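> Using only what follows, build the 3D model:
(chains A and B, ligands or ions: 2)
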Amino acid sequence: MDIINRKKALVEEFSPMLEKYSKLTKLWIAFLVAVIIVGIVAFVLQVVYGHEITGMRDNVVWGIYIINFIFFVGISYSGAFISGILHFFKTPWKNSISRIVEIMTVIAMVIGPVFILLCIGRLDRLHYLFIYPRIQSPITWDIIAVMTDLIACFLYLYLTFIPDLAILRDNSENLNLPKWQKKMYKFLAIRYQDTPSQRHRLHKITRTMSTIVIVLAIVAYSVLAWIFSLTLQPGWNSTIFAPNFIIAGLYSGISVIIISMYFIRRQFKLEHYIFQKHFVIAGIILQILALLFGYFTFTDYFSKWFSTKIDDTILLNSLFSRYFIEFILANYIGILVPVLVIFFKKLRTVKMITFAAVIALLGLWLNRYLLVVPSLENPFLPIQETGPEYIHYSATWIEYSLSFTGIAAFLLIFTLLAKFVPIIPMSGIIENEEFKAKRIQKKDSPDEFDI
Amino acid sequence: MEDQNTNSRRKFLKLGLISGVTAMAGASLVSCSSEEKKPESGEKMRLLTPDGKIVEVDASNINKYPEALITPAEARKGIPDRKFVMVIDLAKCSNARACVEGCQKAHNLDSDQEFMKIQLIQNNENTEPYWFPKPCFHCDEPPCVTVCPTGATFKREDNIVLIDNQRCIGCKFCMTSCPYSARQFNWGHKAKYDKKDQPYSPETSVPGAEGTVVKCDFCPDLLRQGQLPHCAKACPNGVIYFGDKNEDIVTNGEESFQFSKLITDRGGYRHLEHLGTKPNVYYLPPVDKQYPVERGFENEEEINERYKNVPYVKELKKQGKI
Ligand code: SF4
Ligand code: SF4
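Numbering: from 1, shown residues only, chains lettered A, B, ... in the order given. Ligands and ions are numbered 1, 2, ... in the order given. The predicted model follows:
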């Protein structure tokens, strides 16, 4: 009985989040939609005029699109990884951030692959990938990996949604929500009644799924790294690419988690669910990853720098001259700032940690840029084309616009999903409370309930 | 299958008869006549050779449609029993750029699109720069073919690597995989792609298609007719030799050599051999060069225009070396 009332109370507590669209939220949504509309125009232009209107040319054949692809898929993959770990180890404080992570995972996985599509010259022939598949191509591996990962992430997200959807279904009569939304709750809750056996089963499936998602994420992201490292291209043909991508992905993922925690906490006034402690824990993970990522990046560049191979030398010369500022920003600032912010106890405030995460994220994007563009600008046979646009890459407004559209779409879907289900899992709150109550009753069996 | 193969082979070899490449034809004839007789159809045909002679051949010996369309599906098979190779004599190249232009004309390319590129390169700082004509190397271990997700790029039995632009989805992965930057992309739409007077064949690479990849194709359409590729035909200095590894012969249209002997005697090598892609284009080193490097710039305004933005050429000019 108590539980039923508690559920009601929680729905009431979270109802403003679901019901109300404040002026600011509306403005925010309008802004995001505007960005997306510009992006759609850019996309249409790209389709009509061809890739000629992008900055991509014969040597830098993939520009910032592929960088965004790596970036978004990286965020998704790390989301899956982190959330999987949280679930698998039954981390006690996981509840406050797990949904943020799961949503992030799925949205990034939807948006990332769109960027690879933007690199493709003949979208009208996309189905050839399935009609004439060739299994030895890393692109085919990537398609399989990304699709499997996407499906798995969707399933996983859905599994974690079910208990809350059921709560919402049972308690939404008084909620001021459109009819379709209530119907959706009913439909999606698939008759979940939160009986002990149902709950047990759901926990088990979710846990299994969390391991699958971790493994898939590692596979998918390694395959993505291989798209680069399996070519002979100087700068790409490196064994460290796959592990480096994995660490870099985690690094960007934890940054996005911190940033979204910050905004969600502010927007929905969730200070009593997302504590400073959460930021500090995430910050420490960020710091560890920054160190690892710095180490991997350093090893990669160090062996290139130490070697006398002419192609490596040429590549590094370009990084140290033409791309010097970007190199410093990406590989020094982007790594040292997060390390230092967490290092000094005084700096470990919510704002500073968020700031560090933003720097880490931007630095990482630049790092990916430096991985892709300068390498393509320095092939084995030096570029001897006439047009300056063939010699050095610079993205056009089309590419920037579509990149921002990706970010805007990410934020928009996030905003809308947060209107559909509470961003803090209600079922998790209840379980935590039950668990605590049980622990007070008999202190010796903490493992009786899955959290 | 076997039977069909030998038959069509014979057709191709006999075709050497009506080609302008006498040396190659001669070799083809020799090797062919050493083989077993085949049933003659009895029907004779008279043909006009490019050098103006009229010859009479048995109809069954003729590839029925020497200039007929080779469809994308047929283009995947290749010309039986052939292993095409190219040998480029760097000592004779003066950057006349006739090969580039000949190729561009034949493949209906714009002036800034080059299947054959002539680069100015230098082996190390102590040696002189030299002109380096660079087609697609038609590698035996072609990374471009390995990575293609749709099989739009394929390797044929006769060593040639082709692209079927009706299959290509334009993912550009092959471009990043080719270590020799041999591939180009059709970035925008062009009116010439719509011209349908010539049906598309991967063997001619014409008409092009927007959003697909293009590259040097070794001109299989000409090879089927027993002719040399456009670049080899166009070169005024006879730099480019072309031939068949099976027959062990290469020719530039004027002189022919035993391929294996030529590359052994003259120190032939393949560019960036250590990458293991096993190119089918060999280079004869630029020793005793017939023309100074500067000759490459003397001829025309156009050529200067062509290299005006090339970083390396700019650098050399700055140093006063050219
Ligand atoms: S040179 Fe490049 S495009 Fe040509 S076959 Fe080799 S790898 Fe492929
Ligand atoms: S661009 Fe075309 S030819 Fe090249 S890998 Fe992609 S589908 Fe194959």
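
> sec struct for the closest residue to chain A within chain B, please.
Closest residue of chain B to chain A, Cβ to the nearest Cβ: residue B:170 (2.2 Å). (C-beta placed from N, C-alpha, C; glycine too.) Under DSSP: H, G, I helix; E, B strand; the rest coil, the three-state class of residue B:170 is coil.

> what's it sitting at in phi/psi?
With angles defined as degrees, to the nearest 10, residue B:170 sits at phi 70, psi 30.

> Then the one 4 residues further on?
In terms of degrees, to the nearest 10, the main-chain angles of residue B:174 are phi -60, psi -30.

> do residue B:284 as well
The phi/psi pair for residue B:284 (degrees, to the nearest 10) reads phi -100, psi 130.

> How about the residue of chain B closest to chain A, nearest residue that isn't a chain neighbour?
Once flanking residues are discounted, residue B:170 sits nearest to residue A:121: 2.2 Å by Cβ to Cβ, 6 or more residues apart in numbering or on different chains.

> isn't there a helix covering the one you found?
No: under three-state DSSP, residue A:121 sits outside any helix and is assigned coil.

> wait, what's in contact with it?
Residue A:121 is in contact with A:50-51, B:168-172, B:185-186, B:210-212, counting by Cβ atoms under 8 Å, 6 or more residues apart in numbering or on different chains.

> out of these, which are buried?
By neighbour count, with 16 or more other Cβ atoms under 10 Å in any protein chain shown, the contacts of residue A:121 hold A:50-51, B:168-172, B:185-186, B:210-212 as buried.

> Name the residue closest to the centre of the chain, please.
Since you didn't name a chain, this refers to chain A. residue A:75 (2.4 Å; Cα atoms, centre = their mean).

> um, chain B though
Closest-to-mean residue, chain B, Cα atoms, centre = their mean: residue B:218 / 2.7 Å.

> For that residue, give its distance to residue B:138.
According to Cβ to Cβ, to the nearest Å, residue B:218 and residue B:138 sit 6 Å apart.

> Overlap in contacts, these two.
In contact with both residue B:218 and residue B:138: B:84, B:86, B:160, using Cβ under 8 Å, 6+ apart.

> How about the residue nearest to the centre of chain B: what's its closest non-neighbour residue?
Nearest non-adjacent residue to residue B:218, counting by Cβ to Cβ, 6+ apart: residue B:160, 5.0 Å away.

> Now the phi/psi pair for that neighbour, please.
Dihedral angles for residue B:160 - degrees, to the nearest 10 - are phi -80, psi 140.

> Who are the contact partners of the closest residue to residue A:385 other than its chain neighbours?
Spatially, and ignoring its direct neighbours in sequence, residue A:385 is nearest to residue A:391 (6.3 Å; Cβ to Cβ, 6+ apart). Going by Cβ under 8 Å, 6+ apart, residue A:391 touches A:59, A:377, A:383, A:385, B:309, B:311.

> can you do 10 Å?
A:57, A:59-60, A:377, A:382-385, B:309-311 (Cβ atoms under 10 Å, 6 or more residues apart in numbering or on different chains).

> now do residue B:112
Taking Cβ under 10 Å, 6+ apart, we find residue B:112 in contact with A:385-387, A:390, B:104, B:184, B:306.

> Is it possible to mark the buried ones in the residues you listed?
By 16+ other Cβ under 10 Å, the contacts of residue B:112 give A:385-386, A:390, B:104, B:184, B:306 as buried.

> For residue B:144, which non-adjacent residue is spatially closest?
Per Cβ to Cβ, 6+ apart, closest to residue B:144 is residue B:174, 3.9 Å.

> Now do that neighbour: how many residues are near it, please.
By the criterion of other Cβ atoms under 10 Å in any protein chain shown, residue B:174 has 29 neighbours.

> thinking again about what came up before, hang on, the residue nearest to the centre of chain A packs against residue A:110?
No: with contact defined as Cβ atoms under 10 Å, residue A:75 does not reach residue A:110; the gap is 11.5 Å.

> Tell me the buried residues in the helix or strand hosting residue A:156?
Per DSSP states H and E, residue A:156 falls inside helix A:138-171. Residues of helix A:138-171 classed as buried by neighbour count (16+ other Cβ under 10 Å): A:138-143, A:145-146, A:149-150, A:152-153, A:155-157, A:159-171.

> hmm, who's touching the worst-scoring helix or strand of chain A on mean pLDDT?
Sorted by mean pLDDT, DSSP states H and E, the helices and strands of chain A end with helix A:426-441, the least confident at a mean of 82. By Cβ under 10 Å, 6+ apart, the residues outside helix A:426-441 that reach it are A:2-3, A:6-7, A:9-11, A:13-14, A:92-96, A:98-99, A:160-168, A:171, A:192, A:194, A:199, A:202-203, A:273, A:422, A:425, A:445-446, A:448-451.

> Helix A:138-171 and that helix, what's the angle between them?
Calculated by axes from the mean of the first three to the mean of the last three Cα atoms, to 10 degrees, helix A:426-441 forms an angle of 70 degrees with helix A:138-171.

> Look at the residue lying closest to residue A:145 once chain neighbours are set aside and say how many residues are nearby.
Take residue A:145 and drop its neighbours on the chain: the residue closest to it by Cβ to Cβ, 6+ apart is residue A:220, 4.0 Å away. Neighbour count of residue A:220, defined by other Cβ under 10 Å: 26.

> I'd guessed residue A:220 sits against residue A:151; true?
No: if you go by Cβ under 10 Å, residue A:220 and residue A:151 don't touch, sitting 11.5 Å apart.

> Now for the two: what residues contact both?
Common contact partners of residue A:220 and residue A:151 (Cβ under 10 Å, 6+ apart): residue A:109.

> Give me the neighbour count for residue 195.
Just so you know, I chose chain A. By other Cβ under 10 Å, the residues close to residue A:195 number 9.

> The intended chain is chain B.
Neighbour count for residue B:195, taken as other Cβ under 10 Å: 12.

> distance of residue A:18 from residue A:158?
18 Å.

> which element follows the stretch of helix or strand residue A:249 belongs to toward the C-terminus?
Here residue A:249 sits within helix A:241-268, counting by DSSP H and E. Later in the chain than helix A:241-268, the nearest helix or strand by DSSP H and E is helix A:276-306.

> Would you confirm that residue A:327 contacts residue A:320?
Yes: assessed by Cβ under 10 Å, residue A:327 is found in contact with residue A:320 at 6.8 Å.

> which of the two has more neighbours?
residue A:327 (20 against 12).

> is chain A contacted by stretch B:68-75?
No: Stretch B:68-75 does not reach chain A (Cβ under 10 Å from any Cβ of the partner chain); its nearest approach is 11.6 Å.

> how long is that stretch from one end to the other?
12 Å (Cα to Cα, to the nearest Å).

> Buried residues, it. List them.
Applying a neighbour-count criterion of 16+ other Cβ under 10 Å, one finds B:70, B:72, B:75 buried in stretch B:68-75.

> cool, stretch A:336-351 as well?
Under the neighbour-count rule (16+ other Cβ under 10 Å), stretch A:336-351 has A:337-339, A:341-342, A:348, A:350 buried.

> about what we covered before: what do residue A:75 and residue A:110 both touch?
residue A:410.

> where does the chain dip in pLDDT?
No chain specified, so I'll use chain A. For chain A, applying pLDDT under 70 flags the ranges A:1, A:92-93, A:442-451.

> you looked at the wrong chain, it should be chain B
For chain B, the stretches flagged by pLDDT under 70 are B:1-67, B:299-300.

> which stretches of it form helices?
Secondary structure of chain B (DSSP state H): helices at B:2-15, B:22-33, B:72-75, B:98-106, B:143-147, B:173-177, B:220-224, B:230-234, B:259-265, B:295-298, B:301-306, B:311-318.

> State which one residue of the stretch 151-300 of chain A is found closest to ligand 1.
Nearest to ligand 1 in the stretch 151-300 of chain A, going by Cβ to the nearest ligand atom, is residue A:232, at a distance of 8.7 Å.

> got the contact list for that residue?
Counted by Cβ under 10 Å, 6+ apart, residue A:232 has contacts A:311, A:379-380, B:143, B:176-180, B:272, B:275-277.
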